[in-house]
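Enquirer: Structure here, sequence nowhere to be found:
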Ligand code: IFM
(Lines give C-alpha, C1' and ligand atoms only; values in the text may rest on other atoms or scores of the structure.)
Protein backbone atom coordinates (compact mmCIF):
# COMPACT_ATOMS: atom_id res chain seq x y z
CA UNK A 1 0.00 0.00 0.00
CA UNK A 2 1.54 3.36 -0.97
CA UNK A 3 2.02 6.21 1.47
CA UNK A 4 -1.03 8.30 2.25
CA UNK A 5 -1.40 11.30 0.01
CA UNK A 6 -3.09 14.62 0.22
CA UNK A 7 -4.51 16.67 -2.57
CA UNK A 8 -2.78 19.98 -2.99
CA UNK A 9 -5.25 22.87 -3.08
CA UNK A 10 -6.03 23.91 -6.66
CA UNK A 11 -5.36 27.57 -5.94
CA UNK A 12 -7.51 30.56 -6.79
CA UNK A 13 -8.93 31.03 -10.27
CA UNK A 14 -7.38 34.43 -10.65
CA UNK A 15 -5.56 35.98 -13.57
CA UNK A 16 -6.07 38.32 -16.47
CA UNK A 17 -9.49 38.72 -18.12
CA UNK A 18 -10.52 35.62 -20.03
CA UNK A 19 -9.41 35.64 -23.64
CA UNK A 20 -9.53 31.92 -24.41
CA UNK A 21 -11.67 30.01 -26.87
CA UNK A 22 -15.43 30.51 -26.68
CA UNK A 23 -18.08 27.88 -27.27
CA UNK A 24 -21.81 28.05 -27.91
CA UNK A 25 -24.34 27.73 -25.10
CA UNK A 26 -24.94 24.12 -24.16
CA UNK A 27 -21.43 23.01 -25.10
CA UNK A 28 -20.13 20.62 -22.44
CA UNK A 29 -16.69 20.15 -20.92
CA UNK A 30 -15.06 17.25 -19.19
CA UNK A 31 -11.92 15.26 -18.61
CA UNK A 32 -11.21 11.65 -19.53
CA UNK A 33 -9.38 8.68 -18.02
CA UNK A 34 -9.39 4.89 -18.40
CA UNK A 35 -9.56 2.11 -15.83
CA UNK A 36 -6.23 0.36 -16.30
CA UNK A 37 -4.41 3.67 -16.58
CA UNK A 38 -5.56 5.00 -13.20
CA UNK A 39 -7.33 2.48 -10.98
CA UNK A 40 -4.51 0.27 -9.68
CA UNK A 41 -5.78 -2.30 -7.14
CA UNK A 42 -5.13 -4.88 -9.80
CA UNK A 43 -5.60 -7.82 -7.45
CA UNK A 44 -8.05 -6.28 -5.00
CA UNK A 45 -11.78 -6.33 -4.70
CA UNK A 46 -12.21 -9.56 -6.63
CA UNK A 47 -10.85 -8.18 -9.91
CA UNK A 48 -9.70 -10.73 -12.47
CA UNK A 49 -6.61 -10.20 -14.64
CA UNK A 50 -6.82 -8.45 -17.99
CA UNK A 51 -4.53 -8.68 -20.98
CA UNK A 52 -2.78 -5.52 -19.76
CA UNK A 53 -1.86 -7.20 -16.47
CA UNK A 54 -0.32 -10.08 -18.37
CA UNK A 55 1.37 -7.86 -20.93
CA UNK A 56 2.81 -5.35 -18.50
CA UNK A 57 4.13 -8.15 -16.29
CA UNK A 58 5.93 -9.71 -19.25
CA UNK A 59 9.55 -8.52 -19.27
CA UNK A 60 10.41 -6.10 -22.04
CA UNK A 61 6.88 -5.10 -22.96
CA UNK A 62 6.59 -1.74 -21.20
CA UNK A 63 9.09 0.99 -20.53
CA UNK A 64 11.06 0.10 -17.41
CA UNK A 65 8.67 -2.79 -16.72
CA UNK A 66 5.93 -0.38 -15.65
CA UNK A 67 2.59 -1.94 -14.75
CA UNK A 68 -0.84 -0.67 -13.76
CA UNK A 69 -0.68 -2.52 -10.44
CA UNK A 70 -0.96 0.73 -8.49
CA UNK A 71 -1.22 3.35 -11.24
CA UNK A 72 -2.83 6.42 -9.63
CA UNK A 73 -4.54 4.29 -6.97
CA UNK A 74 -7.82 5.80 -8.08
CA UNK A 75 -9.59 2.69 -6.77
CA UNK A 76 -8.89 3.97 -3.27
CA UNK A 77 -8.52 7.69 -3.95
CA UNK A 78 -11.56 8.28 -6.17
CA UNK A 79 -13.21 10.68 -3.66
CA UNK A 80 -10.15 12.93 -3.92
CA UNK A 81 -10.28 12.75 -7.70
CA UNK A 82 -13.96 13.57 -7.77
CA UNK A 83 -13.27 16.57 -5.53
CA UNK A 84 -10.75 17.75 -8.14
CA UNK A 85 -13.35 17.34 -10.86
CA UNK A 86 -15.93 19.23 -8.84
CA UNK A 87 -13.53 22.12 -8.23
CA UNK A 88 -12.67 22.13 -11.89
CA UNK A 89 -16.34 22.62 -12.69
CA UNK A 90 -16.67 20.01 -15.43
CA UNK A 91 -20.07 18.99 -16.71
CA UNK A 92 -19.04 15.42 -17.34
CA UNK A 93 -16.33 12.88 -16.59
CA UNK A 94 -15.37 10.16 -19.04
CA UNK A 95 -13.90 7.01 -17.51
CA UNK A 96 -13.99 3.32 -18.28
CA UNK A 97 -15.24 0.28 -16.47
CA UNK A 98 -12.75 -2.50 -15.99
CA UNK A 99 -14.52 -5.48 -17.56
CA UNK A 100 -12.55 -7.94 -15.40
CA UNK A 101 -13.44 -6.01 -12.24
CA UNK A 102 -17.10 -6.64 -13.01
CA UNK A 103 -16.74 -10.06 -14.60
CA UNK A 104 -13.41 -11.53 -13.48
CA UNK A 105 -13.54 -14.26 -16.13
CA UNK A 106 -15.10 -12.03 -18.78
CA UNK A 107 -18.31 -14.05 -18.65
CA UNK A 108 -20.10 -15.91 -15.89
CA UNK A 109 -20.07 -14.92 -12.23
CA UNK A 110 -20.38 -11.21 -11.49
CA UNK A 111 -18.03 -9.68 -8.91
CA UNK A 112 -20.15 -7.91 -6.24
CA UNK A 113 -17.21 -5.79 -5.08
CA UNK A 114 -16.76 -4.54 -8.63
CA UNK A 115 -20.42 -3.57 -8.80
CA UNK A 116 -20.06 -1.78 -5.47
CA UNK A 117 -17.00 0.14 -6.60
CA UNK A 118 -18.67 1.54 -9.70
CA UNK A 119 -21.88 2.19 -7.75
CA UNK A 120 -19.90 4.36 -5.34
CA UNK A 121 -18.02 6.12 -8.11
CA UNK A 122 -21.19 6.92 -10.04
CA UNK A 123 -23.07 8.04 -6.95
CA UNK A 124 -20.27 10.38 -5.87
CA UNK A 125 -19.98 11.85 -9.35
CA UNK A 126 -23.69 12.56 -9.44
CA UNK A 127 -23.56 14.03 -5.95
CA UNK A 128 -20.86 16.38 -7.26
CA UNK A 129 -23.10 17.39 -10.16
CA UNK A 130 -20.98 15.60 -12.77
CA UNK A 131 -22.56 13.49 -15.52
CA UNK A 132 -20.82 10.14 -16.02
CA UNK A 133 -19.74 9.16 -19.54
CA UNK A 134 -18.68 5.52 -19.41
CA UNK A 135 -16.46 3.66 -21.85
CA UNK A 136 -17.14 -0.05 -21.68
CA UNK A 137 -13.92 -1.16 -23.32
CA UNK A 138 -10.69 0.80 -23.09
CA UNK A 139 -8.33 -2.03 -24.15
CA UNK A 140 -8.37 -4.20 -21.01
CA UNK A 141 -9.83 -7.49 -22.21
CA UNK A 142 -10.26 -10.06 -19.44
CA UNK A 143 -7.34 -12.47 -19.77
CA UNK A 144 -9.73 -15.42 -19.58
CA UNK A 145 -11.29 -14.27 -22.86
CA UNK A 146 -7.91 -13.80 -24.50
CA UNK A 147 -7.12 -17.37 -23.47
CA UNK A 148 -10.17 -18.42 -25.49
CA UNK A 149 -9.07 -16.51 -28.60
CA UNK A 150 -9.55 -12.87 -27.66
CA UNK A 151 -10.84 -10.56 -30.38
CA UNK A 152 -9.81 -13.12 -32.99
CA UNK A 153 -13.03 -15.00 -32.22
CA UNK A 154 -16.66 -14.03 -32.42
CA UNK A 155 -17.52 -15.35 -28.98
CA UNK A 156 -15.60 -12.41 -27.49
CA UNK A 157 -17.96 -10.02 -29.28
CA UNK A 158 -20.90 -11.93 -27.83
CA UNK A 159 -19.36 -11.84 -24.35
CA UNK A 160 -18.92 -8.07 -24.77
CA UNK A 161 -22.63 -7.69 -25.48
CA UNK A 162 -23.49 -9.63 -22.32
CA UNK A 163 -21.16 -7.39 -20.32
CA UNK A 164 -22.77 -4.30 -21.89
CA UNK A 165 -26.22 -5.58 -20.91
CA UNK A 166 -25.08 -6.19 -17.35
CA UNK A 167 -23.55 -2.71 -17.14
CA UNK A 168 -26.63 -1.01 -18.56
CA UNK A 169 -29.03 -2.85 -16.28
CA UNK A 170 -27.01 -2.12 -13.16
CA UNK A 171 -25.74 1.38 -13.88
CA UNK A 172 -27.93 2.72 -16.69
CA UNK A 173 -29.97 4.89 -14.34
CA UNK A 174 -26.83 6.94 -13.58
CA UNK A 175 -24.77 6.90 -16.79
CA UNK A 176 -25.54 9.76 -19.14
CA UNK A 177 -23.50 8.54 -22.09
CA UNK A 178 -22.18 5.13 -23.10
CA UNK A 179 -19.13 4.64 -25.28
CA UNK A 180 -18.84 1.04 -26.44
CA UNK A 181 -15.19 0.92 -27.55
CA UNK A 182 -12.26 3.26 -27.24
CA UNK A 183 -10.01 3.44 -30.32
CA UNK A 184 -10.61 -0.01 -31.79
CA UNK A 185 -7.75 0.76 -34.21
CA UNK A 186 -5.33 0.34 -31.32
CA UNK A 187 -7.04 -2.77 -29.96
CA UNK A 188 -6.91 -4.49 -33.34
CA UNK A 189 -3.77 -3.29 -35.05
CA UNK A 190 -1.46 -2.21 -32.24
CA UNK A 191 -2.56 -5.19 -30.11
CA UNK A 192 -2.89 -8.03 -32.63
CA UNK A 193 -0.69 -6.95 -35.55
CA UNK A 194 2.21 -4.89 -34.26
CA UNK A 195 2.22 -6.33 -30.76
CA UNK A 196 3.20 -3.04 -29.14
CA UNK A 197 0.09 -3.27 -26.97
CA UNK A 198 -1.61 -6.14 -25.19
CA UNK A 199 -2.05 -8.93 -26.00
CA UNK A 200 1.26 -8.40 -27.82
CA UNK A 201 0.33 -10.50 -30.84
CA UNK A 202 2.26 -10.04 -34.09
CA UNK A 203 -0.16 -11.71 -36.40
CA UNK A 204 -0.07 -9.42 -39.37
CA UNK A 205 -3.29 -9.41 -41.30
CA UNK A 206 -4.78 -11.84 -38.82
CA UNK A 207 -5.64 -8.64 -36.99
CA UNK A 208 -8.35 -7.98 -39.54
CA UNK A 209 -10.45 -10.63 -37.79
CA UNK A 210 -9.95 -8.77 -34.50
CA UNK A 211 -10.97 -5.49 -36.17
CA UNK A 212 -14.14 -7.09 -37.47
CA UNK A 213 -15.05 -8.74 -34.17
CA UNK A 214 -14.54 -5.45 -32.35
CA UNK A 215 -17.07 -3.88 -34.71
CA UNK A 216 -19.47 -6.80 -34.27
CA UNK A 217 -19.05 -6.49 -30.50
CA UNK A 218 -19.83 -2.79 -30.79
CA UNK A 219 -23.02 -3.47 -32.77
CA UNK A 220 -24.18 -6.15 -30.35
CA UNK A 221 -23.42 -3.86 -27.41
CA UNK A 222 -25.38 -0.99 -28.98
CA UNK A 223 -28.41 -3.28 -29.22
CA UNK A 224 -27.94 -4.51 -25.65
CA UNK A 225 -27.59 -0.96 -24.30
CA UNK A 226 -30.66 0.20 -26.15
CA UNK A 227 -32.66 -2.84 -25.02
CA UNK A 228 -31.85 -1.81 -21.45
CA UNK A 229 -33.16 1.70 -22.12
CA UNK A 230 -29.91 3.60 -22.72
CA UNK A 231 -30.40 6.68 -24.85
CA UNK A 232 -26.97 8.16 -25.50
CA UNK A 233 -24.88 5.45 -27.13
CA UNK A 234 -21.77 5.92 -29.26
CA UNK A 235 -18.23 4.81 -30.00
CA UNK A 236 -14.87 6.57 -29.75
CA UNK A 237 -12.52 6.47 -32.75
CA UNK A 238 -8.99 7.81 -33.10
CA UNK A 239 -9.42 8.89 -36.69
CA UNK A 240 -6.36 10.40 -38.29
CA UNK A 241 -6.00 13.47 -40.41
CA UNK A 242 -3.60 12.07 -42.98
CA UNK A 243 -1.62 14.09 -45.49
CA UNK A 244 0.22 12.69 -48.50
CA UNK A 245 3.93 13.44 -48.78
CA UNK A 246 3.49 14.57 -52.38
CA UNK A 247 0.95 14.73 -55.22
CA UNK A 248 2.67 11.78 -56.96
CA UNK A 249 0.42 8.88 -57.96
CA UNK A 250 2.38 6.59 -55.63
CA UNK A 251 1.94 8.83 -52.60
CA UNK A 252 -1.73 9.44 -53.38
CA UNK A 253 -2.28 5.68 -53.53
CA UNK A 254 -0.39 5.36 -50.23
CA UNK A 255 -2.72 7.98 -48.78
CA UNK A 256 -5.76 5.93 -49.79
CA UNK A 257 -4.31 2.82 -48.17
CA UNK A 258 -3.45 4.70 -44.99
CA UNK A 259 -6.93 6.20 -44.83
CA UNK A 260 -8.38 2.73 -45.25
CA UNK A 261 -6.28 1.36 -42.39
CA UNK A 262 -6.68 4.23 -39.96
CA UNK A 263 -10.14 5.55 -40.75
CA UNK A 264 -12.29 3.73 -43.29
CA UNK A 265 -12.04 0.32 -41.64
CA UNK A 266 -14.13 1.92 -38.89
CA UNK A 267 -16.13 4.75 -40.41
CA UNK A 268 -17.40 2.93 -43.48
CA UNK A 269 -19.06 -0.03 -41.69
CA UNK A 270 -20.22 2.16 -38.79
CA UNK A 271 -21.52 5.14 -40.69
CA UNK A 272 -22.27 3.80 -44.19
CA UNK A 273 -22.97 0.14 -43.57
CA UNK A 274 -20.35 -1.02 -46.07
CA UNK A 275 -16.77 -2.19 -46.12
CA UNK A 276 -14.08 0.30 -47.25
CA UNK A 277 -13.90 0.94 -50.98
CA UNK A 278 -10.13 0.49 -51.11
CA UNK A 279 -9.75 -2.44 -48.79
CA UNK A 280 -8.65 -4.92 -51.42
CA UNK A 281 -5.69 -2.89 -52.63
CA UNK A 282 -4.87 -1.96 -49.04
CA UNK A 283 -4.75 -5.54 -47.82
CA UNK A 284 -3.65 -7.15 -51.08
CA UNK A 285 -6.95 -8.98 -51.36
CA UNK A 286 -6.94 -10.35 -47.81
CA UNK A 287 -9.58 -8.06 -46.29
CA UNK A 288 -12.44 -10.46 -46.75
CA UNK A 289 -12.39 -13.53 -44.54
CA UNK A 290 -14.50 -16.18 -42.91
CA UNK A 291 -15.00 -13.88 -39.94
CA UNK A 292 -17.49 -11.81 -41.97
CA UNK A 293 -21.04 -13.09 -41.84
CA UNK A 294 -24.25 -12.02 -43.56
CA UNK A 295 -26.04 -9.42 -41.48
CA UNK A 296 -22.87 -8.10 -39.84
CA UNK A 297 -22.96 -4.77 -41.62
CA UNK A 298 -26.54 -4.11 -40.50
CA UNK A 299 -25.47 -4.87 -36.96
CA UNK A 300 -22.34 -2.73 -37.08
CA UNK A 301 -24.18 0.22 -38.60
CA UNK A 302 -26.85 0.44 -35.90
CA UNK A 303 -27.63 4.17 -35.66
CA UNK A 304 -25.51 6.03 -33.12
CA UNK A 305 -26.44 8.95 -30.90
CA UNK A 306 -22.95 10.41 -31.17
CA UNK A 307 -19.47 9.70 -32.46
CA UNK A 308 -16.53 10.26 -30.12
CA UNK A 309 -13.33 11.54 -31.72
CA UNK A 310 -9.89 11.39 -30.11
CA UNK A 311 -7.33 13.63 -31.74
CA UNK A 312 -3.68 14.32 -30.92
CA UNK A 313 -1.69 14.89 -34.11
CA UNK A 314 -1.80 14.46 -37.90
CA UNK A 315 0.33 12.05 -39.91
CA UNK A 316 1.91 12.27 -43.34
CA UNK A 317 2.44 9.18 -45.44
CA UNK A 318 4.64 8.24 -48.33
CA UNK A 319 4.69 5.13 -50.52
CA UNK A 320 7.24 2.56 -49.39
CA UNK A 321 8.23 -0.96 -50.38
CA UNK A 322 6.44 -3.74 -48.53
CA UNK A 323 8.51 -5.32 -45.84
CA UNK A 324 9.94 -8.81 -45.97
CA UNK A 325 7.63 -11.80 -46.01
CA UNK A 326 9.32 -12.81 -42.76
CA UNK A 327 6.41 -13.20 -40.29
CA UNK A 328 8.49 -11.51 -37.58
CA UNK A 329 8.53 -8.36 -39.63
CA UNK A 330 5.14 -8.66 -41.21
CA UNK A 331 2.51 -6.54 -39.55
CA UNK A 332 -0.98 -5.50 -40.52
CA UNK A 333 0.26 -1.98 -40.87
CA UNK A 334 2.53 -3.13 -43.66
CA UNK A 335 0.44 -1.57 -46.38
CA UNK A 336 3.34 -0.21 -48.38
CA UNK A 337 3.39 3.08 -46.52
CA UNK A 338 5.88 4.90 -44.37
CA UNK A 339 5.27 7.93 -42.16
CA UNK A 340 7.29 11.10 -42.44
CA UNK A 341 7.12 14.24 -40.36
CA UNK A 342 7.28 17.35 -42.51
CA UNK A 343 5.46 19.61 -40.04
CA UNK A 344 8.37 21.56 -38.60
CA UNK A 345 6.40 22.41 -35.48
CA UNK A 346 6.92 21.79 -31.80
CA UNK A 347 6.54 18.16 -30.72
CA UNK A 348 5.12 16.86 -27.48
CA UNK A 349 7.16 14.38 -25.46
CA UNK A 350 5.30 11.59 -27.29
CA UNK A 351 7.12 12.88 -30.39
CA UNK A 352 3.86 14.07 -31.89
CA UNK A 353 3.83 17.27 -33.97
CA UNK A 354 1.52 20.01 -32.73
CA UNK A 355 -0.72 20.96 -35.70
CA UNK A 356 -4.08 22.25 -34.46
CA UNK A 357 -5.36 23.09 -37.96
CA UNK A 358 -5.30 19.37 -38.72
CA UNK A 359 -7.95 18.91 -36.03
CA UNK A 360 -10.30 21.28 -37.83
CA UNK A 361 -9.53 19.57 -41.13
CA UNK A 362 -10.33 16.18 -39.65
CA UNK A 363 -13.66 17.30 -38.22
CA UNK A 364 -14.73 19.22 -41.31
CA UNK A 365 -13.65 16.32 -43.54
CA UNK A 366 -15.73 13.87 -41.55
CA UNK A 367 -18.76 16.13 -41.62
CA UNK A 368 -18.39 16.61 -45.39
CA UNK A 369 -17.97 12.94 -46.12
CA UNK A 370 -20.83 11.79 -43.90
CA UNK A 371 -23.73 14.25 -44.21
CA UNK A 372 -25.76 12.25 -41.68
CA UNK A 373 -22.94 12.20 -39.17
CA UNK A 374 -24.34 12.03 -35.64
CA UNK A 375 -23.28 14.74 -33.18
CA UNK A 376 -19.57 14.66 -32.41
CA UNK A 377 -17.99 14.63 -28.97
CA UNK A 378 -14.28 15.19 -28.62
CA UNK A 379 -13.69 12.35 -26.20
CA UNK A 380 -9.92 12.93 -25.92
CA UNK A 381 -7.44 15.65 -26.74
CA UNK A 382 -4.37 16.68 -24.81
CA UNK A 383 -0.60 16.64 -24.71
CA UNK A 384 2.22 14.91 -22.88
CA UNK A 385 4.79 17.39 -21.70
CA UNK A 386 8.04 17.45 -19.72
CA UNK A 387 6.40 18.85 -16.62
CA UNK A 388 8.45 19.94 -13.67
CA UNK A 389 7.51 21.02 -10.19
CA UNK A 390 8.72 24.61 -9.76
CA UNK A 391 10.15 26.15 -6.62
CA UNK A 392 6.68 27.44 -5.76
CA UNK A 393 5.41 23.84 -5.73
CA UNK A 394 3.36 24.34 -8.85
CA UNK A 395 3.59 22.93 -12.35
CA UNK A 396 3.70 25.77 -14.86
CA UNK A 397 2.78 23.70 -17.91
CA UNK A 398 2.47 26.53 -20.37
CA UNK A 399 3.07 24.20 -23.32
CA UNK A 400 0.04 22.12 -22.38
CA UNK A 401 -2.04 25.29 -21.95
CA UNK A 402 -0.96 26.43 -25.43
CA UNK A 403 -1.77 23.03 -26.89
CA UNK A 404 -5.22 22.92 -25.31
CA UNK A 405 -5.98 26.51 -26.21
CA UNK A 406 -5.00 26.00 -29.86
CA UNK A 407 -6.87 22.71 -30.19
CA UNK A 408 -10.01 24.08 -28.59
CA UNK A 409 -9.87 26.99 -31.02
CA UNK A 410 -9.56 24.39 -33.78
CA UNK A 411 -12.81 22.86 -32.51
CA UNK A 412 -14.50 26.27 -32.55
CA UNK A 413 -13.31 26.65 -36.16
CA UNK A 414 -14.97 23.34 -36.99
CA UNK A 415 -18.15 24.50 -35.26
CA UNK A 416 -18.09 27.66 -37.33
CA UNK A 417 -17.86 25.48 -40.45
CA UNK A 418 -20.97 23.55 -39.54
CA UNK A 419 -19.68 20.53 -37.63
CA UNK A 420 -22.06 19.61 -34.82
CA UNK A 421 -19.60 19.23 -31.93
CA UNK A 422 -21.32 18.98 -28.56
CA UNK A 423 -18.54 18.56 -26.03
CA UNK A 424 -14.84 18.30 -25.32
CA UNK A 425 -12.97 16.09 -22.85
CA UNK A 426 -9.35 16.82 -21.98
CA UNK A 427 -7.06 13.80 -21.91
CA UNK A 428 -6.36 13.47 -19.10
CA UNK A 429 -7.49 14.42 -15.62
CA UNK A 430 -4.43 12.77 -14.08
CA UNK A 431 -0.95 11.80 -15.16
CA UNK A 432 -1.29 8.07 -15.60
CA UNK A 433 0.00 4.78 -17.02
CA UNK A 434 0.65 5.53 -20.67
CA UNK A 435 0.52 1.90 -21.81
CA UNK A 436 3.82 0.67 -23.29
CA UNK A 437 5.36 4.07 -22.47
CA UNK A 438 4.76 3.45 -18.78
CA UNK A 439 4.83 6.50 -16.51
CA UNK A 440 7.25 8.44 -18.65
CA UNK A 441 4.58 10.45 -20.45
CA UNK A 442 2.53 12.93 -18.44
CA UNK A 443 -0.80 13.88 -20.00
CA UNK A 444 -2.58 15.06 -16.86
CA UNK A 445 -3.83 18.50 -15.98
CA UNK A 446 -3.24 17.21 -12.47
CA UNK A 447 0.23 15.95 -11.62
CA UNK A 448 0.56 12.63 -9.86
CA UNK A 449 3.66 12.04 -7.78
CA UNK A 450 4.13 8.32 -8.26
CA UNK A 451 6.04 7.92 -4.98
CA UNK A 452 3.47 9.55 -2.72
CA UNK A 453 0.47 9.56 -5.09
CA UNK A 454 -0.11 13.19 -4.20
CA UNK A 455 -2.20 15.06 -6.75
CA UNK A 456 -1.11 18.59 -7.70
CA UNK A 457 -3.27 20.60 -10.08
CA UNK A 458 -1.14 22.13 -12.84
CA UNK A 459 -1.54 25.55 -14.41
CA UNK A 460 -3.50 23.84 -17.22
CA UNK A 461 -6.06 22.76 -14.63
CA UNK A 462 -6.52 26.36 -13.54
CA UNK A 463 -6.64 27.48 -17.17
CA UNK A 464 -9.33 24.92 -17.95
CA UNK A 465 -11.28 25.91 -14.83
CA UNK A 466 -11.24 29.54 -15.97
CA UNK A 467 -12.39 28.49 -19.43
CA UNK A 468 -15.32 26.53 -18.04
CA UNK A 469 -16.29 29.34 -15.67
CA UNK A 470 -16.07 31.91 -18.47
CA UNK A 471 -18.18 29.69 -20.71
CA UNK A 472 -20.85 29.34 -18.04
CA UNK A 473 -20.88 33.07 -17.42
CA UNK A 474 -20.93 34.11 -21.06
CA UNK A 475 -21.26 31.49 -23.80
CA UNK A 476 -20.54 32.52 -27.34
CA UNK A 477 -23.72 33.91 -28.85
CA UNK A 478 -22.21 34.81 -32.20
CA UNK A 479 -22.55 31.36 -33.78
O1 LIG B 1 -3.48 7.36 -23.07
C2 LIG B 1 -4.07 7.18 -24.33
C3 LIG B 1 -5.51 6.75 -24.17
O4 LIG B 1 -5.62 5.59 -23.40
C5 LIG B 1 -6.09 6.46 -25.53
N6 LIG B 1 -5.91 7.56 -26.41
C7 LIG B 1 -4.59 8.13 -26.52
C8 LIG B 1 -4.05 8.45 -25.14
C9 LIG B 1 -2.66 9.07 -25.25
O10 LIG B 1 -1.78 8.21 -25.91
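Expert: Perfect, thanks for sending it. In this text, all values refer to a predicted model and were calculated from it rather than measured experimentally. Numbering: from 1, shown residues only.
Enquirer: Now residue 287: which helix or strand?
Expert: Here residue 287, judged by DSSP states H and E, is contained in no helix and no strand.
Enquirer: brain fart, residue 136
Expert: Counting by DSSP H and E, residue 136 is found in strand 131-137.
Enquirer: Determine which residue lies closest to the centroid of this structure.
Expert: residue 182 (4.7 Å; Cα atoms, centre = their mean).
Enquirer: That one and residue 218 touch, don't they?
Expert: No. Look at residue 182 against residue 218 with Cβ atoms under 8 Å: they stay out of range, at 10.9 Å. All C-beta spots, glycine's among them, are computed from the backbone N, C-alpha and C.
Enquirer: Can you list the low-confidence ranges for the stretch 1-150 of the chain?
Expert: 1-16 (pLDDT under 70).
Enquirer: What ranges does it have for its strands?
Expert: Using DSSP state E, counting those that start in this stretch, the strands of the stretch 1-150 of the chain run over 28-32, 92-96, 131-137.
Enquirer: so does the strand holding residue 136 get close to the ligand?
Expert: No. Strand 131-137 stays clear of the ligand (Cβ under 6 Å from any ligand atom), getting no nearer than 9.6 Å.
Enquirer: tell me what that strand is packed against?
Expert: Counting contacts by 3 or more Cβ pairs under 8 Å, 6 or more residues apart in numbering; DSSP states H and E, strand 131-137 is packed against strand 92-96, helix 112-127, helix 154-171, strand 177-182.
Enquirer: Let me have those in a markdown table, extended by distance to residue 60.
Expert: Shown next, in a markdown table, are the helices and strands packed on strand 131-137 (distance: least, Cβ to Cβ, whole Å):
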| stretch | distance to residue 60 |
| --- | --- |
| strand 92-96 | 26 |
| helix 112-127 | 30 |
| helix 154-171 | 26 |
| strand 177-182 | 25 |
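Enquirer: Select, out of these, the one closest to residue 408.
Expert: Among the helices and strands packed on strand 131-137, strand 92-96 comes nearest to residue 408, with 15.8 Å by Cβ to Cβ.
Enquirer: Can you tell me the strand partners of that closest one and which way each runs?
Expert: Counting by DSSP bridges, the strands paired with strand 92-96 are strand 28-32 (parallel), strand 131-137 (parallel).
Enquirer: what does the shortest one rub up against?
Expert: Okay, so that is strand 28-32. Strand 28-32 has contacts (Cβ atoms under 8 Å, 6 or more residues apart in numbering) with 85, 88-95, 130-131, 133, 379-380, 422-429, 445, 464, 467-468, 471.
Enquirer: how far off strand 177-182 does that strand point, in degrees?
Expert: If you take axes from the mean of the first three to the mean of the last three Cα atoms, to 10 degrees, strand 28-32 sits at 40 degrees to strand 177-182.
Enquirer: tell me the pLDDT at residue 328?
Expert: pLDDT recorded at residue 328 is 47.
Enquirer: what does residue 358 give?
Expert: 98.
Enquirer: do residue 478 as well
Expert: pLDDT, residue 478: 82.
Enquirer: Up against the ligand, what does this protein have?
Expert: Proximity of the chain to the ligand (Cβ under 6 Å from any ligand atom) is limited to residues 34, 37, 183, 310, 380, 427, 434, 443.
Enquirer: how close does the residue in the stretch 1-150 of the chain that the ligand sits nearest to sit to residue 323?
Expert: With Cβ to the nearest ligand atom as the measure, residue 34 is the residue of the stretch 1-150 of the chain nearest to the ligand, at 4.9 Å. Distance, residue 34 to residue 323, using Cβ to Cβ, to the nearest Å: 31 Å.
Enquirer: could you pull out the strands for the stretch 301-450 of the chain?
Expert: Going by DSSP E, counting those that start in this stretch, the stretch 301-450 of the chain shows strands at 306-310, 315-319, 337-340, 376-380, 421-427, 446-448.
Enquirer: highest average neighbour count across these?
Expert: strand 376-380 (a mean of 26; mean count of other Cβ atoms under 10 Å).
Enquirer: and that one with strand 421-427, angle?
Expert: With the same axes, to 10 degrees applied, the angle from strand 376-380 to strand 421-427 works out at 0 degrees.
Enquirer: the inter-axis angle of strand 376-380 versus strand 306-310?
Expert: Using the same axes, to 10 degrees: strand 376-380 against strand 306-310 is 40 degrees.
Enquirer: so what does strand 376-380 touch, helix or strand wise?
Expert: If contacts are counted by 3+ Cβ pairs under 8 Å, 6+ apart, strand 376-380 sits against strand 177-182, strand 233-237, strand 306-310, helix 356-369, strand 421-427.
Enquirer: could you redo the last one with a cut-off of 7 Å?
Expert: Here strand 376-380 touches strand 306-310, strand 421-427, going by 3 or more Cβ pairs under 7 Å, 6 or more residues apart in numbering; DSSP states H and E.
Enquirer: Make TSV out of the ones you listed and add mean pLDDT.
Expert: Output for the helices and strands packed on strand 376-380, formatted as TSV (pLDDT from 0 to 100):
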stretch	mean pLDDT
strand 306-310	99
strand 421-427	99
